[in-house]
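Visitor: what follows is a predicted protein model with its sequence.
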Amino acid sequence: MLPHAEFFTKDGLEVTLPFGGLRGRGVMKQDPPMVWDLHVSLEDLFFGCTKKMKISRRVMNEDGQTSTIRDKILIIDVQPGWKQGTRVTFEKEGDQGPNVIPADITFVIQEKPHPRFKRTNDDLIYVVNIPLGKALIGCTVDVRTLDGRLLSIPINDIVPTYCKAVPGEGMPLLEDPRRRGDLLIHFNVCFPKRLPCQPSAVLPVRLPALRAR
């Protein structure tokens, strides 16, 4: 008698067995994880939100032999302060099958580009274009925040090598959403393409008096 001959028919065809096989000899194996990107806006990461993701997966029927494709909704609670690369894993939500442990499903947070801000850790970077004249004498910069407020920030220093930090106007801190990072204002100084030409003023010159010899 061949080893494990009970796994084959008289014609030599292999028999597909449900989980456990004959006398519990089946070996469970988990499929590799399934990883998908979840694109969210900076506002979603600022306030937090709920994302509902519909997946279609193979589910085993009661007979343990056949399966059916069914839809399922996975709910992701995005927390204020989450960063790009944050991973959310739903264990064993992949396809079911005989002798198979369903794969884990993982969503990876990806930030959508924002029209006004760029994020670095918990800080927000805002770039403002400013004419050279205002850069030298000072000005006020208006910034519309993610929660809709309008900040009027006075700039009293010479700008070209200057970054203005506004404390507490960045992203919420994950460990304490009541606290926030900073808003960092960077300046793009717009130099004139050419300077206006003006006739130089003619200054009177007093010549020394000549003495008669």
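Guide: In hand now; what should we look at?
Visitor: in this protein, which spans are helices?
Guide: Under the criterion DSSP state H, the chain contains helices at 42-47, 132-137.
Visitor: just name the most buried of those helices.
Guide: Highest mean neighbour count among the helices of the chain (mean count of other Cβ atoms under 10 Å): helix 42-47, with a mean of 19. The way it works is simple: take the backbone N, C-alpha and C, and place the C-beta from them, glycine included.
Visitor: which elements pack onto that one?
Guide: Counting by 3 or more Cβ pairs under 8 Å, 6 or more residues apart in numbering; DSSP states H and E, the packing neighbours recorded for helix 42-47 are strand 105-111.
Visitor: how about a cut-off of 10 Å?
Guide: On a contact count with 3 or more Cβ pairs under 10 Å, 6 or more residues apart in numbering; DSSP states H and E, helix 42-47 meets strand 49-60, strand 67-78, strand 105-111, strand 117-120, strand 172-173, strand 176-180.
Visitor: one step back: the helices of the chain: lowest mean pLDDT?
Guide: Among the helices of the chain, helix 132-137 carries the lowest mean pLDDT, a mean of 71.
Visitor: isn't E169 up against L150?
Guide: No - under the criterion of Cβ atoms under 10 Å, E169 makes no contact with L150, lying 11.9 Å away.
Visitor: these two: who's more crowded?
Guide: Neighbour count, other Cβ atoms under 10 Å: between E169 and L150, E169 has more, with 22 against 8.
Visitor: roughly how far apart are that one and D182?
Guide: Computed as Cβ to Cβ, to the nearest Å, the E169 to D182 distance reads 7 Å.
Visitor: again, but for T50
Guide: From T50 across to D182, the span is 28 Å (Cβ to Cβ).
Visitor: in terms of neighbours, single out the busier of these two.
Guide: D182 (18 against 9).
Visitor: look up phi and psi at that one.
Guide: phi -110, psi 160 (degrees, to the nearest 10).
Visitor: circling back to that earlier point, between E169 and D182, which contacts overlap?
Guide: Both E169 and D182 are contacted by 123-124, under the criterion Cβ atoms under 10 Å, 6 or more residues apart in numbering.
Visitor: in stretch 46-66, what's buried?
Guide: By 16 or more other Cβ atoms under 10 Å, the buried positions in stretch 46-66 come out as 46, 51, 57, 60.
Visitor: list just the nearest of those residues to N121.
Guide: For the buried residues of stretch 46-66, the residue nearest N121 by Cβ to Cβ is F46; the value is 14.1 Å.
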